[in-house]
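Enquirer: Sequence plus the predicted model coming up.
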Number of protein chains: 2
Amino acid sequence: MAEIPTAAISRLVTYLRILEHLELQDVSRTSSNDLAERAGVSAFQVRKDLAYFGRFGTRGMGYTVPILKRELVRVLGLNRSWNVVIVGMGRLGQAIANYPGASDYQFQYVGLFDVSPGVVGQQVRGLTVGHMTDLPEFTQLNPVDMGFLAVPPERAQDAAQALVDAGVKGILNFAPTVIQPRAAERPGLQDISDEWRGVIVENVDFLAGMKRLAFYILNPHLKDAPAPEEPA
Amino acid sequence: MAEIPTAAISRLVTYLRILEHLELQDVSRTSSNDLAERAGVSAFQVRKDLAYFGRFGTRGMGYTVPILKRELVRVLGLNRSWNVVIVGMGRLGQAIANYPGASDYQFQYVGLFDVSPGVVGQQVRGLTVGHMTDLPEFTQLNPVDMGFLAVPPERAQDAAQALVDAGVKGILNFAPTVIQPRAAERPGLQDISDEWRGVIVENVDFLAGMKRLAFYILNPHLKDAPAPEEPA
């Protein structure tokens, strides 16, 4: 699996979302053409993305929705449980904690942290918001896989460092800034400091959809353009 | 511009975010290699994506950060103002309304709507949350470009319909479901009902990053894989 582009993983997540939707509508079968139209890519792209991970359909017969969904869940690692802490329990952290759907996939919020006196001590979804200074002790006592960052942008890098020091394996950054998993200012990969090695950082651009929407309102004829066919 | 894949627009948004970050760090020059490494794609892909919209750099000299940023802002239509209403002012709607960064790009929240008696009438960012039944009159009196949906999933389709009926040009759906801009249950493009024609829908998968993160924690060797070089 050495050559799978990150964009393919993003598309797998999109296909999974479409399959969830089809399943809710009691649609039992789909095809690469159907998935392609719904995802805004070419059918060739769908088949190529899925082929990285195996053969999921029957030639000419398409895919069985629950089976393909189950396989994508497995590929993405969503069939196991993930213990998550949220750092930053303002409105965004609260929205994340309460967003329906995370529990569908065994993402479990095990700890919530903040620094504001008005927030620390609050009850959210049955958990008491702790102070950031308690994070190291908390992670020593509780296994934590991921940290979600929902702090103001100017606090994001320091909060990410605290999560790395506490031993999380991955950070999902909702703050409107880019977390740099690196020591140097303009880094190459060799500059990654030791404690960041192996830590995965995903930056969520909360406003990306807003920007895409602006573009497509101004260029509506481009909206349904599928990706061009590419050679295998 | 008839053949620009939707994935290229998503990548432009990513490049813009990287440029914002570089500008904050007072980095004045970048290159397709640098943008590629930061975006997790190939340098060829960066050059190809930018070439859809013009020539922004000097061969061998790379790009001037503020100039390339300004050009991407223009391409994406972020140099004009966008009037936005938010439908659904629970925790997610409040998080969206208060998320820093939207105002950087002249996205202006002009109206906030909900149906809950506990929420309607609240003050958020200087606006009073109105009732959904007031939306048609509101949009007759105020120009509205976009509607952001932050309602529970089971209300999303109806709320989207209300936005379309009120004349918005685009919908950004944060609810954990897929909005179908179509009349029929398993639609082809010809089934789009008249009032939905020209309305752009972008579905935001709030949990997509969580799913990507799970995959990369389990497959960290794939994290920095750039997109394979593609033929022009």
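Expert: Cool, the structure landed. Numbering: from 1, shown residues only, chains lettered A, B, ... in the order given.

Enquirer: Which positions in stretch A:103-113 come out as buried?
Expert: A:105, A:107, A:109, A:110, A:111, A:112, A:113 (16 or more other Cβ atoms under 10 Å in any protein chain shown). For glycine as for every other residue, the C-beta is placed from the backbone atoms N, C-alpha and C.

Enquirer: pLDDT weak spots in chain A?
Expert: Applying pLDDT under 70 to chain A flags residues A:1-2, A:181-195, A:224-232.

Enquirer: ok, which stretches of it are helices?
Expert: Counting by DSSP state H, chain A has these helices, from start to end: A:6-24, A:32-39, A:43-51, A:65-76, A:91-98, A:135-141, A:153-165, A:208-218.

Enquirer: How about residues contacting the longest one?
Expert: Among residues not part of helix A:6-24, those counted as contacts by Cβ atoms under 8 Å, 6 or more residues apart in numbering or on different chains are A:30, A:35, A:38-39, A:41, A:45-46, A:48-50, A:52, A:65-66, A:68-69, A:72-73, A:75-76, B:7, B:11, B:40-41, B:177-178, B:203, B:205, B:208, B:211-212, B:215-216, B:222-223, B:225-227.

Enquirer: Please check those and keep the buried ones.
Expert: Using 16+ other Cβ under 10 Å, the buried ones in the contacts of helix A:6-24 are A:30, A:35, A:38-39, A:41, A:45-46, A:48-50, A:65, A:68-69, A:72-73, A:75-76, B:7, B:11, B:40-41, B:177-178, B:203, B:205, B:208, B:211-212, B:215-216, B:222-223, B:225-227.

Enquirer: Pull the contacting residues for residue A:223.
Expert: Contacts of residue A:223 (Cβ under 8 Å, 6+ apart): A:40, A:216, B:6, B:200.

Enquirer: Which strands or helices does the strand of greatest length in chain A pack on?
Expert: With DSSP state E setting the assignment, residue counts place strand A:107-114 as the longest strand in chain A. Other helices and strands packing on strand A:107-114, by 3 or more Cβ pairs under 8 Å, 6 or more residues apart in numbering or on different chains; DSSP states H and E, are strand A:82-87, helix A:91-98, strand A:127-128, strand A:130-131, helix A:135-141.

Enquirer: quick one, domains of chain A?
Expert: A:6-76, A:82-209 (automatic domain parsing).

Enquirer: Show the end-to-end separation of the shortest one, please.
Expert: To tie it back to what came earlier, the one meant is domain A:6-76. 13 Å (Cα to Cα, to the nearest Å).

Enquirer: cool, the last one as well?
Expert: Its start and end residues considered, domain A:82-209 measures 26 Å (Cα to Cα).

Enquirer: And stretch A:46-61, by the same measure?
Expert: End to end - Cα to Cα - stretch A:46-61 spans 15 Å.

Enquirer: Next, the residues that contact it from outside, please.
Expert: Taking Cβ under 8 Å, 6+ apart as the rule, stretch A:46-61 contacts A:1, A:4, A:8, A:11-12, A:15, A:31-32, A:35-36, A:39, A:63, A:67-68, A:71, A:75, A:230, A:232.

Enquirer: about what we covered before: in CSV, list the buried residues of stretch A:103-113 along with distance to residue A:131.
Expert: Below are these laid out as CSV (distance: Cβ to Cβ, whole Å):
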residue, distance to residue A:131
A:105, 29
A:107, 23
A:109, 17
A:110, 16
A:111, 11
A:112, 11
A:113, 7
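
Enquirer: re earlier: tell me the neighbouring strands of the longest strand of chain A, and mark each as parallel or antiparallel.
Expert: Note on strand A:107-114: by DSSP bridges, its sheet partners are strand A:82-87 (parallel), strand A:130-131 (parallel).

Enquirer: deepest of those, which one?
Expert: strand A:82-87 (a mean of 24; mean count of other Cβ atoms under 10 Å in any protein chain shown).

Enquirer: Adding distance to residue B:97 as columns, could you present the helices of chain A in JSON lines?
Expert: Converted to JSON lines, those look like this (distance: least, Cβ to Cβ, whole Å):
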{"stretch": "helix A:6-24", "distance to residue B:97": "25"}
{"stretch": "helix A:32-39", "distance to residue B:97": "29"}
{"stretch": "helix A:43-51", "distance to residue B:97": "35"}
{"stretch": "helix A:65-76", "distance to residue B:97": "31"}
{"stretch": "helix A:91-98", "distance to residue B:97": "8"}
{"stretch": "helix A:135-141", "distance to residue B:97": "29"}
{"stretch": "helix A:153-165", "distance to residue B:97": "17"}
{"stretch": "helix A:208-218", "distance to residue B:97": "13"}
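
Enquirer: To residue B:154, which of the ones you listed lies closest?
Expert: Within the helices of chain A, the stretch nearest residue B:154 is helix A:6-24; the backing value is 10.2 Å (Cβ to Cβ).

Enquirer: Need the nearest residue in space to residue A:218, chain neighbours excluded.
Expert: residue B:77 (4.3 Å; Cβ to Cβ, 6 or more residues apart in numbering or on different chains).

Enquirer: now the contacts of residue A:223 in a markdown table, with distance to residue A:149?
Expert: Shown next, in a markdown table, are the contacts of residue A:223 (distance: Cβ to Cβ, whole Å):
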| residue | distance to residue A:149 |
| --- | --- |
| A:40 | 29 |
| A:216 | 29 |
| B:6 | 28 |
| B:200 | 30 |
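
Enquirer: From those, pick the one nearest residue A:94.
Expert: Among the contacts of residue A:223, residue B:200 lies closest to residue A:94 (Cβ to Cβ), at 29.3 Å.

Enquirer: What is the burial count for the closest one?
Expert: For residue B:200, the neighbour count with other Cβ atoms under 10 Å in any protein chain shown is 21.
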